[in-house]
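> Predicted model follows, preceded by the sequence.
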Amino acid sequence: MKRRDFIGISILSASAAPSIVSAKERKREKKKYFKVTEADVVVVGAGPAGIPAAIAAARNGSKVVLLEEDQLIGGAPVDMFVSFPCGGPQNIGIFSEIRKKVMEKYDISGGKPYALWFFPSTYALVLSEMVAKEKNIELISGAHVCGAIMDENSPSKIAGVEYCAGVRLTGAVKGKVVIDATGSGELSVMAGAKYMFGRESKSDFGEKYAPEKGDKKVQPCTLMGYLQKFDDKAEVDIVKLLKSEAMMKKLIARSGVGFAKRIDESNLHGVNQFLMWTAAKPCDTRDSTSVARAMSKVVNEIIPELTDLFWKAGFALHTAPKIGIRESRRIVGDKIITSDELMQKELPEDVISRGVYRIDSWGRKLPQELHKSLSFGIPYRATIVKGIDNLMMAGKHISGTSLAMSAYRVQPILGGMGQAVGLAASIAAASGTNPRDIDVKDLQKRLSSQGILPKEYA
């Protein structure tokens, strides 16, 4: 086999072990990897799309290996505090199971639908429990994927991944089908996929609301946090604090401080915890050091002032350990979704999941008509990596333009998408078929029975 490593933005080739090896070659492979695991489906990234993908494949009978770079699974709602489920549909499939569990056990909304959000640790507990219950899933966390293993006999076919678990500790997971659920498309780039980054111009895809000239700008990163009342005598009415504090007004103008829900006296009075974003900063989200600099800037320049302000008011400010990333690479697939297509009423012929949300492109001035809610479908072809066999994707990095991505990047939509891709990968692995060649009509029937697609697809 050939291995493709991702170092900066370069793709390097080197020799690695084949999928069918002799005893001698197997011994050589053991020296290369401290651990080799075999699976039907490999899912890279245990976040909002990756977890439903792994569960769906496992429930369909596939042996699944789920790889996660963090020690704790969950992704954005856990380590970036994006624990507010916006967009929809929310009451379908595996995402509805997650939502139901967190509401049954750890609801902090006080019966107020407008205050529906959950503590990050709640998501971590529920998601960990759900993955642990699936006997067909082997979870390997603390494992950063550092290479794509390509088939020696078919250079365009992925056969597995390499992950780094420490100095000179490299493991390998071989699989029949691999799903890139990283959210950034890193694995796909390692495998040689082409990607898009930044805003497309109007002439690129004919999008009505795209800028005349494209650029490399992506949506800003945001450090999320939540406020917790610790002083019984503290005034709970945050609106009054916002209106009375000149410093807070300056912070809002300078950094983009805000709350996950509309701030008015009717919906916040009497609630003791508040989910908020502390500041938004632009950066190159392909570069982890650039992301880290953006977070450091927020922590050094904004958080001290906010912490002092809220502390004096009787609230403790808890900030996420990682800054939230709205937009990164978008991998080129067999189909590229455009914003104009999402605004059409018809669902694509190969639809595999649905979305209800709006064009939500932070930091960009868009016409007011784009703020209305849209109902759209995710086409199967947009989840297949172009030019690479057996590599699928689930997450905000699927094949679409920057404007289109802004509408399907939220967690309920990613959850439905992940479930659909996980089932498709399992079907392909079981039949020994390239994912792009499976019977999509049959897939739609199964997804309809699982509630992901409307009944007419049955």
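Looks like it came in fine.
> Can you verify my assumption that Phe205 contacts Ile337?
No. With contact defined as C-beta atoms under 8 Å, Phe205 does not count as touching Ile337 (9.4 Å). From N, CA and C alone the C-beta is placed, and that goes for glycine too.
> more neighbours, the two?
When neighbours are counted by other C-beta atoms under 10 Å, Phe205 and Ile337 differ, and Ile337 comes out ahead with 26 against 18.
> isn't there a strand covering Glu97?
No. Read with DSSP: H, G, I helix; E, B strand; the rest coil, Glu97 is helix and lies in no strand.
> can you give me the strands for the stretch 101-250 of the chain?
For the stretch 101-250 of the chain, the strands defined by DSSP state E, counting those that start in this stretch occupy 137-141, 144-150, 158-164, 170-180, 195-196, 221-229.
> low-scoring pLDDT stretches of the stretch 101-250 of the chain, where are they?
Across the stretch 101-250 of the chain, the ranges flagged by pLDDT under 70 are 110-115, 236-250.
> what about the helices in it?
Per DSSP state H, counting those that start in this stretch, the stretch 101-250 of the chain carries helices over the ranges 120-133, 186-190, 202-205, 238-244, 246-255.
> How about the shortest one, which residues are buried there?
Of the residues in helix 202-205, those buried by neighbour count under the rule 16 or more other C-beta atoms under 10 Å are Phe205.
> Run the chain-centre distance for it.
Offset of helix 202-205 from its chain centre (C-alpha atoms, centre = their mean, to the nearest Å): 26 Å.
> deepest of the strands of the stretch 101-250 of the chain, which one?
Mean neighbour count (mean count of other C-beta atoms under 10 Å) peaks for strand 170-180 among those, with a mean of 26.
> Strand partners (parallel or antiparallel) of that strand?
strand 35-44 (parallel), strand 158-164 (antiparallel), strand 391-393 (parallel) (DSSP bridges).
> Give me the distance between the two termini of stretch 367-384.
Taking C-alpha to C-alpha, to the nearest Å, stretch 367-384 runs 32 Å from one end to the other.
> helix or strand right after the one helix or strand Asn300 maps to?
Using DSSP states H and E, Asn300 falls within helix 288-301. Using DSSP H and E, the helix or strand that follows helix 288-301 in sequence is helix 303-312.
> May I ask you to name the longest helix in this protein?
helix 411-431 (DSSP state H).
> Of the strands paired with strand 170-180, which is nearest Glu104?
Shortest distance between Glu104 and these, using C-beta to C-beta, is found for strand 35-44: 26.3 Å.
> what is the mean pLDDT for that closest one?
Across strand 35-44, the average pLDDT comes to 97.
> Export the helix or strand following that strand to CSV, keeping only CA atoms.
Scanning forward in sequence from strand 35-44 by DSSP H and E, the next helix or strand is helix 50-59. Output in CSV follows, covering the C-alpha atoms of helix 50-59 (Å, rounded to 0.1, in the frame of the first residue of the first chain):
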residue,chain,number,x,y,z
GLY,A,50,-19.3,11.1,13.4
ILE,A,51,-21.1,9.7,16.4
PRO,A,52,-24.4,9.2,14.5
ALA,A,53,-22.4,7.7,11.6
ALA,A,54,-20.7,5.2,13.8
ILE,A,55,-23.9,4.2,15.6
ALA,A,56,-25.8,3.8,12.4
ALA,A,57,-23.2,1.6,10.8
ALA,A,58,-22.9,-0.5,14.0
ARG,A,59,-26.6,-1.0,14.3
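> For the stretch 351-458 of the chain, which segments count as helices?
402-408, 411-431, 440-449.
> what's the strand or helix carrying Pro77 in contact with?
If you go by DSSP H and E, Pro77 is part of helix 76-79. Contact with helix 76-79 is made by 47-48, 70, 72, 82-83, 118, 120-121, 123-124, 127, 183, 320-322, 324, 411, as judged by C-beta atoms under 8 Å, 6 or more residues apart in numbering.
> Could you turn the buried ones of these into a ChimeraX selection?
Remark: buried members of the contacts of helix 76-79, expressed as a ChimeraX selection using 16+ other C-beta under 10 Å:
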select :47,48,70,72,82,83,118,120,123,124,127,183,320,322,324,411
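> circling back to that earlier point, anything in contact with each of Phe205 and Ile337?
Both Phe205 and Ile337 are contacted by Thr401, under the criterion C-beta under 8 Å, 6+ apart.
> Give me the pLDDT for Val271.
In this prediction, Val271 carries a pLDDT score of 56.
> got it, and the one 10 residues further on?
According to the predicted model, the pLDDT of Lys281 comes to 90.
> contacting residues for the nearest residue to Ser201 once chain neighbours are set aside?
Spatial nearest neighbour of Ser201, chain neighbours left out: Gly214 (3.8 Å); criterion: C-beta to C-beta, 6 or more residues apart in numbering. Neighbouring residues of Gly214 by C-beta under 8 Å, 6+ apart: Gly198, Arg199, Glu200, Ser201, Asp204.
> before we move on, the earlier item: need the strands paired with strand 170-180 in TSV (columns: distance to Gly171).
Converted to TSV, the strands paired with strand 170-180 look like this (distance: least, C-beta to C-beta, whole Å):
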stretch	distance to Gly171
strand 35-44	4
strand 158-164	5
strand 391-393	19
